[in-house]
Each structure stands twice: as C-alpha cells, then as structure tokens.
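# Below are the sequence and a predicted model for it; my questions follow.
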Amino acid sequence: MRLNNQHRRKNITAILAYLVAIFLAGCLPLSQEFETRNHDSITQRISQLTNLSQPLRWEVAHRGVRDASADNTIGALVTAARLNVSVVEFDIRTSSDGELFLYHDRRINSSKFRNAVEVKDAAFSSLLSDQIRKLRYADKTKSRIPTLSEALTALRPYPILILPEIKEFNTSKFTAFIEILRAENFYERSVLQCSSESMTRDVIRMEPKLKLAVRVGNTQQLSDALIVKPTIVQIDESWMTSPVLLQIRNAGARTMIKTLDGLGDTTAHRKALFGAGVDLVLTDYSATDIN
C-alpha cells in the first residue's frame, strides 16, 4: 500500500512538472509576441510621423494627462500612454549635481507640494538631487518629481513617442540627455523641442540624426527653420494659412499648433485645426477626446 502511495505521488509530481513546463513554454512566446507587437507599433508610429503621405491628426499630451497626478509625473505620462496617446510632451530641468528631472518651472512652487517649506521659491538648478527626490506633490497620489531615466523606464512598454524640452539648455545637459535616451532605447522615439536658432544649431552639430521640433514666431523664422530639415515645426495659429501649411509640408515637416493658455483648447477647435491640415495639436485635454 505504501509503495502504491509513493508511486502515485511520483506520478502526480511528474504530471505537475509536465504541466508547468507546458505553461512556461506557452508564456515565453506570448511575452516575445508582446515585445514584437510593441516594437512594431513604435516603428509604425515613427513611420507615420516621418512619412508625409497621410495627415496625422495627432493630439500631443501636454506634460502628460493630468487626472489624479500632477503634470510631468510618471502617473501623468503613463496615463497618456495607457490612453493610446501618440506623443507625450514634458519638460526637463537639471539639479545642482547634474541629474535630469521632469519639471517645468524655473523655481520650486511651494503651493504645488506638500513638503516644500525648506526649499520654497528656490531655483530648481540650486537643489541637490536628494532634495528634489524628497518633494511630494499635493495631488491625490502624492507623486514625486521623476528623473528622466525613471520616466522613460515607465514609458518603455508603451508605443508612445516623446517630445521633451530641455530648459536652460547647454551642451552638458544635452550630452547627459542623449546618454539617457540611448540607455533607455528612446533615441528613435524622441523629437527634441528647440526654442532658439542657436540651440538648433548646437543640437544639429552634436547629434545630426536626432529628430527636432522647431518653434517659430513668424514667416521669416519659418523659412530659416526649414533649412535644417526639422521633423516638426510649431507655429502660431494667428498666422497659420494654407500656403504656410503647404510650405511646411513641401519641406518634409509636420505642423504643430498649441491650443493652451486660453487659445481655444476644445474638441471642436482641435478638430477644426486638423481639418485645416494641421498634423499635431499640443493640448491639455487629450484624454477628453480619446475617452
């Protein structure tokens, strides 16, 4: 009887081991299939951005989708990615010891944080990375200021492109930025915002293959900007005309308009811009339309 029980236990153990092996063998292809599908989606989005055969009609999530989380936080960025937003925009600042973080304002706005008394109104660039890590936003999730590496790691599983802006740009910050992009496999998924002609020249000199989004304020600046072959050109709606849109498209670039700060950030307005031939709209309300 004892031998029979031992035999049964051996059989059961063997069966369980067989089933586990089958399960694991099935899981590995599924994981590989997900990675392949995600990579294909990223490749497709990059192709859609750079191939001008079709209009995009893409909404760009300005500093992420701010629902429960503060702007420029991992929660805001990942929410945009989960809602299948094609591009997310964010801002980058550097601590005094050289670490890159996602933050917009030049100074710490204490009203946005639960525990910013000691660093109230301090310049962001004057703070050490350890001081910045201790800050907690006054949002529902008590989120913190993420580093660029942390943000890209969180976004990596999603087929989303990024539109970063380096505040107070200089070559050392840019070098650190490029190193992180490469380490996180985000170089091809990035379109760097350039806010001045000098910054554009520096970026092209240092990284000629990096995709750029150039901001221009008038038609003369537009003509100068198109010489450097940007991927995206941001213009103001006040001087947007059909000939201007055609000039940008003929130069091999996409047009972006921002609808922030009282500029008509509504669903109807964004649809009208897309209907006029605009490719991307920078908006605070991308989640509203997607939902």
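Ah, there it is. Numbers count the residues shown, from 1 in each chain.
# Only C-alpha atoms from now on, for both contacts and neighbour counts.
Fine.
# pLDDT (mean, whole number) over stretch 241-255?
Stretch 241-255 carries an average pLDDT of 97.
# May I see the buried residues of it?
Using 16 or more other Cα atoms under 10 Å as the test for burial, stretch 241-255 gives 244-245, 248-249, 252-255.
# quick one, helices of the chain?
2-50, 74-82, 129-134, 148-155, 171-183, 197-206, 219-226, 242-250, 267-276, 286-290 (DSSP state H).
# What would the fifth one look like as PDB? C-alpha coordinates only.
Output of helix 171-183 as PDB, limited to C-alpha atoms (Å, rounded to 0.1, in the frame of the first residue of the first chain):
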ATOM      1  CA  THR A 171      25.800  71.200 -24.100                       C
ATOM      2  CA  SER A 172      26.500  69.300 -20.800                       C
ATOM      3  CA  LYS A 173      22.800  68.900 -20.200                       C
ATOM      4  CA  PHE A 174      22.300  67.800 -23.800                       C
ATOM      5  CA  THR A 175      25.100  65.300 -23.500                       C
ATOM      6  CA  ALA A 176      23.500  63.700 -20.400                       C
ATOM      7  CA  PHE A 177      20.100  63.800 -22.100                       C
ATOM      8  CA  ILE A 178      21.500  61.800 -25.100                       C
ATOM      9  CA  GLU A 179      23.200  59.300 -22.900                       C
ATOM     10  CA  ILE A 180      19.900  58.600 -21.100                       C
ATOM     11  CA  LEU A 181      18.000  58.400 -24.400                       C
ATOM     12  CA  ARG A 182      20.400  55.700 -25.700                       C
ATOM     13  CA  ALA A 183      20.500  53.800 -22.400                       C
END
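# okay, the angle between it and helix 148-155?
On the basis of axes from the mean of the first three to the mean of the last three Cα atoms, to 10 degrees, helix 171-183 is oriented at 30 degrees to helix 148-155.
# Just list what helix 171-183 packs against, helices and strands only.
Judged by 3 or more Cα pairs under 8 Å, 6 or more residues apart in numbering; DSSP states H and E, helix 171-183 is in contact with strand 100-102.
# Need the residues that contact the strand it packs on.
72-73, 90-95, 145-148, 173, 176-177 (Cα atoms under 8 Å, 6 or more residues apart in numbering).
# From these, pick the one nearest residue 57.
Checking the contacts of strand 100-102 against residue 57 by Cα to Cα gives residue 90 as the nearest, at 19.8 Å.
# Residue 259 reaches residue 285, doesn't it?
No - counting by Cα atoms under 8 Å, residue 285 is not a contact partner of residue 259; they are 9.7 Å apart.
# what residues do the two have in common as contacts?
In contact with both residue 259 and residue 285: residue 265, using Cα under 8 Å, 6+ apart.
# What spatial separation is found between the nearest residue to residue 136 once chain neighbours are set aside and residue 260?
Nearest residue to residue 136, sequence neighbours excluded (Cα to Cα, 6 or more residues apart in numbering): residue 144, at 4.7 Å. Residue 144 sits 24 Å away from residue 260, going by Cα to Cα, to the nearest Å.
# in this protein, which segments are predicted with low confidence?
1-40, 261-263, 286-291 (pLDDT under 70).
# what residue lies at the spatial centre of it?
The centroid of the chain falls nearest to residue 162 when counting by Cα atoms, centre = their mean (2.9 Å).
# Next, the contact list for that one, please.
87-90, 189-191.
# hmm, try it at 7 Å
For residue 162, the contact set (Cα atoms under 7 Å, 6 or more residues apart in numbering) comprises 87-89, 189-191.
# Between the residues you listed, identify the one with the most neighbours.
residue 88 (28 neighbours; other Cα atoms under 10 Å).
# Isn't that residue up against residue 164?
No - at 8.2 Å, residue 88 does not count as touching residue 164 under the criterion of Cα atoms under 7 Å.
# ok, residue 234 touching residue 254?
No - counting by Cα under 7 Å, residue 234 stays clear of residue 254, with 8.5 Å between them.
# Count the neighbours of residue 47 for me.
Residue 47, neighbours per other Cα under 10 Å, totals 11.
# next one: residue 210
17.
# swap in residue 118?
9.
# got it, and residue 109?
Residue 109 has 15 nearby residues by other Cα under 10 Å.
# And for it, nearest residue in space, chain neighbours not counted?
Take residue 109 and drop its neighbours on the chain: the residue closest to it by Cα to Cα, 6+ apart is residue 121, 5.9 Å away.
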